[in-house]
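Student: Sequence and predicted structure are below.
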Amino acid sequence: MIATPDAVLDFWFGAPGPAADVAARQRPLWFAKSAANDQIVIARFAEMLVAAGKGELDGWAASPRERLALIVVLDQFPHHIHRDHGQSFAYDARSLALAMEMIRRGEDAHLSPLERVFVYLPLEHAESIEMQDLSVALYEKLVTEAPAAERRLFDGFLDYARKHRDVVARFGRFPHRNELLGRPSTADEIEFLKQPGSRF
């Protein structure tokens, strides 16, 4: 049985609480490489990702929170389910289109700042300087709107957005994806990939 949007969001964000507390608790799931977490996502959501990829869950786009759940499925779950394979990027265009439509409609304003982080991540993942610039602008807006006690958290998200933007501004793409996608790397990219922190 395909899980519901609420099941996706409950899994991804966990129990409600201050953004800094939720992020501290969920960060290993969100951003760390963990075979155990990957297996959990595979077991619970692999079937859902296939359905979403076929457009069978497009009805979720009817409301902001359900659209957020669909974006998480298409943008985040592939990196757990297809870890270290080119297929992990196969759904990027779909998640980006969903995110951009939400932003154009102003529906992201109906979500909490921490939820909006995951609406904006498809832009940060795009190999497009226009999307990267918009991503940075949206994360800058989140920082200005964050309560003082949570500003450090959102500063961190903004810092990563700027790093992603700078890589795309330099290379026009993310060099660390080249091997997974069967793309040849330039000499400059090969040198870049030797640097600490180049593979984020």
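Tutor: Looks like it arrived, so ask away.
Student: From here on, just use CA atoms for contacts and neighbour counts.
Tutor: Will do.
Student: how near is the most centrally placed residue in the chain to Gln87?
Tutor: Centroid check for the chain by C-alpha atoms, centre = their mean gives Leu121 as the closest residue, at 3.8 Å. Between Leu121 and Gln87 the computed distance is 18 Å (C-alpha to C-alpha, to the nearest Å).
Student: Per-residue pLDDT of the residue nearest to the centre of the chain, please?
Tutor: At Leu121, the model reports a pLDDT of 98.
Student: Run through the residues that contact it.
Tutor: With contact set as C-alpha atoms under 8 Å, 6 or more residues apart in numbering, Leu121 has these partners: Asp75, Ser135.
Student: let's number from 36 now, not from 1
Tutor: Noted, 36 is the first residue going forward, which turns the last one into Leu156.
Student: any idea what Phe46 is structurally, helix, strand or coil?
Tutor: Taking DSSP: H, G, I helix; E, B strand; the rest coil as the rule, one finds Phe46 in the helix state.
Student: So it versus Phe192, what's the distance?
Tutor: Computed as C-alpha to C-alpha, the Phe46 to Phe192 distance reads 21 Å.
Student: Would you check that Ala50 makes contact with Val57?
Tutor: Yes. With contact defined as C-alpha atoms under 8 Å, Ala50 reaches Val57; the gap is 7.5 Å.
Student: out of those two, which sits in the more crowded spot?
Tutor: Val57 (16 against 13; other C-alpha atoms under 10 Å).
Student: which of the residues in the helix or strand containing that one are buried?
Tutor: Using DSSP states H and E, Val57 sits in helix 54-66. Neighbour-count burial for helix 54-66, counted by 16 or more other C-alpha atoms under 10 Å, picks out Ala54, Ala55, Val57, Ala58, Gln61, Leu64, Trp65.
Student: Please apply the same query to stretch 107-125.
Tutor: For stretch 107-125, by 16+ other C-alpha under 10 Å, it's 107-118, 121, 123-125.
Student: likewise stretch 153-165?
Tutor: Buried, per 16+ other C-alpha under 10 Å, within stretch 153-165: Phe153, Val154, Tyr155, Leu156, Pro157, Leu158, Glu159, His160, Ala161, Glu162, Ser163, Ile164.
Student: Much appreciated, bye for now.
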